[in-house]
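Trainee: sequence and predicted model, in that order:
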Amino acid sequence: MNIWRRLDAASRHAWPVAFMLFGLLIIGLPFGIPGQAELRPAYAMACVFFWSLYRPVSLPAPMVAATGILLDLLGMSPLGLWAVLLLILQGSTLASRRRLIPQSFFMTWLVFFGFAAALSACAWLLESLLELRMLPVLPAAAQALAALGLYPALAGLFIRAHRGPAAAELA
Amino acid sequence: MIRLSVPFRQALSRLTLPVMLMLSLGMVLIGRADQGLADRLRAGLDDLLAPAYAMVAPPVAALEHGTGVIGTLFDLAGENAALQAENARLLQWQTVAMALEAQNDALKSALHYVPAHAPDFFSADVVADLGGVYARSVLVALPPGSPDAAQHLVGAIAMDGRGVAGRVVEAGARSARVLLITDLNSRIPVALGVHGSPALMTGTNGNDPALLYWAPGQPPAEGDMVLTSAVGGAFPPGLPVGIVHYDAQNDPVVLPLADIEGLRLLRLFSYPSNEPVLTPVHGAGKNPEKRTH
């Protein structure tokens, strides 16, 4: 295996993680879109769900934890909170993988929305507990809805990447 | 490379997720125990990211609809008319302001008024909008060569062209994070109207901060000017913040003068802290309400 093949294989393995981290930073640019803050966790959840479902090898747990910590540092949530939540998402996706893979896209989308809603509720609850007061519920709901809207667009892109630039078996 | 047996490798890969989960839970506990850790990590990350964001942010600002170059190209005539109308109105205000300034000067000289010390300030670009779901903050890139910014800047007051936008909560060598007045943790003592009746402006995570704890019998009046108050020593008195407005639920809120959603440039004022006991800002995490007692 020469150096170019190795580089090709490495870039294919790294594609999902790199895309996820890069996207998180891009969402920080001052676009002035309403709900931009809600978009960031929604984006991370969609990435973790898709890649854990269709290519678990490309998204190792330490990278998911690192992404969660980056999310916490960028979004000023309690340190480690999103690392825990994203790892839980990965764990539950991996556990339900066998049943989810044969399902239609619509079903997967619905299941993802279920996961996203549950995680948003958990995030709201945990953050309220850690801050010792009731935080507004609306942003958490907006976050779940953002995840619902974002998933088809991201999945369309990822399915293409899954067959092209991220397909490790083509290297 | 170490060759591991297949069952061992499988067990290892199955263990990664639980182990990472335990580590992350540990991280939450450590973050709880040591509030400063998250702040230090965040300041380090911000310092790393700020130059990159500073490179990318100007084109984004230029592309932005409405205020950017591309948005304005489509409606030059309309904008021109609006600007001319505004200019005529502002010229009227200019004469009023000049008359008031002259009157003010006369009154000051009659009172032997000693002007307050003008604070140091510098302008910094807003390069990233790094709020979370429950946090409203922006990242500003400090101009190169700002002398040992980190020590002076924490607690500095950020204003855009029109009013107070927030307060610096973390500062590194190249970047500073400004907690906006709309953040849930923001508590700012304010003075309302011509009498300067005291109240507390609290962020609600929405666009318009709420007003609390005004004097009984003196509810804030619609359209009153909201200025900062020196109560608690965290803010200098008299900085413009916003205007009182009653929302649909008939609760008084403040319409900020600063363009909180579209901040591009902030001036950071470091006021000399002559009340050191009252403003233990550093290391207090992101709970300004605990500091302003």
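Mentor: That came through, no problem. Numbering: from 1, shown residues only, chains lettered A, B, ... in the order given.
Trainee: where are the low-confidence patches of the stretch 1-150 of chain B?
Mentor: Where the stretch 1-150 of chain B drops to pLDDT under 70, the residues are B:1-2, B:64-72, B:145-150.
Trainee: tell me where it has helices.
Mentor: B:6-33, B:35-63, B:69-73, B:76-111, B:149-153 (DSSP state H, counting those that start in this stretch).
Trainee: chain A now?
Mentor: Assigned by DSSP state H, the helices in chain A fall at A:3-26, A:36-54, A:61-75, A:81-95, A:97-100, A:105-131, A:138-163.
Trainee: which of the ones you listed sits most buried?
Mentor: helix A:36-54 (a mean of 25; mean count of other Cβ atoms under 10 Å in any protein chain shown). (Glycine included, C-beta is placed from N, CA and C.)
Trainee: you'd agree residue B:253 is up against residue B:211?
Mentor: Yes. Counting by Cβ atoms under 8 Å, residue B:211 is a contact partner of residue B:253 at 6.6 Å.
Trainee: of these two, who's got more company?
Mentor: More crowded of residue B:253 and residue B:211, by other Cβ atoms under 10 Å in any protein chain shown: residue B:211, with 24 against 21.
Trainee: tell me the bridge partners for that one.
Mentor: Following DSSP bridges, residue B:211 is listed with bridge partners residue B:201.
Trainee: would you mind measuring from residue B:138 to chain A?
Mentor: 7 Å (Cβ to the nearest Cβ, to the nearest Å).
Trainee: now do the same contact list for residue 57.
Mentor: Using chain A here. A:13, A:168 (Cβ atoms under 8 Å, 6 or more residues apart in numbering or on different chains).
Trainee: hmm, no, I was thinking of chain B.
Mentor: A:29-30, B:125-128.
Trainee: just to check, residue B:202 is in contact with residue B:208?
Mentor: No. Counting by Cβ under 8 Å, residue B:202 stays clear of residue B:208, with 11.1 Å between them.
Trainee: now residue B:239: closest residue in space, sequence neighbours ignored.
Mentor: In space, and not counting its chain neighbours, residue B:239 is closest to residue B:228: 4.4 Å by Cβ to Cβ, 6 or more residues apart in numbering or on different chains.
Trainee: number of nearby residues for that neighbour?
Mentor: Residues lying near residue B:228 (other Cβ under 10 Å) number 21.
Trainee: same check, this time on residue B:251
Mentor: Count around residue B:251 with other Cβ under 10 Å applied: 13.
Trainee: distance-wise, check it relative to residue B:163.
Mentor: For residue B:251, the distance to residue B:163 equals 21 Å [Cβ to Cβ, to the nearest Å].
Trainee: ok, residue A:163 next?
Mentor: Distance of residue A:163 to residue B:163, computed by Cβ to Cβ: 52 Å.
Trainee: which pLDDT does the model give the residue of the stretch 151-293 of chain B found nearest chain A?
Mentor: Residue of the stretch 151-293 of chain B nearest chain A, by Cβ to the nearest Cβ: residue B:262 (5.2 Å). For residue B:262, the pLDDT comes out at 80.
Trainee: so what's it closest to, chain neighbours aside?
Mentor: Closest residue in space to residue B:262, ignoring its immediate chain neighbours: residue A:32 at 5.2 Å, by Cβ to Cβ, 6+ apart.
Trainee: format the helices of chain A as TSV; extra columns: mean pLDDT and distance to residue B:118.
Mentor: Below are the helices of chain A laid out as TSV (pLDDT from 0 to 100; distance: least, Cβ to Cβ, whole Å):
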stretch	mean pLDDT	distance to residue B:118
helix A:3-26	88	38
helix A:36-54	91	35
helix A:61-75	91	35
helix A:81-95	93	42
helix A:97-100	89	64
helix A:105-131	92	38
helix A:138-163	89	39
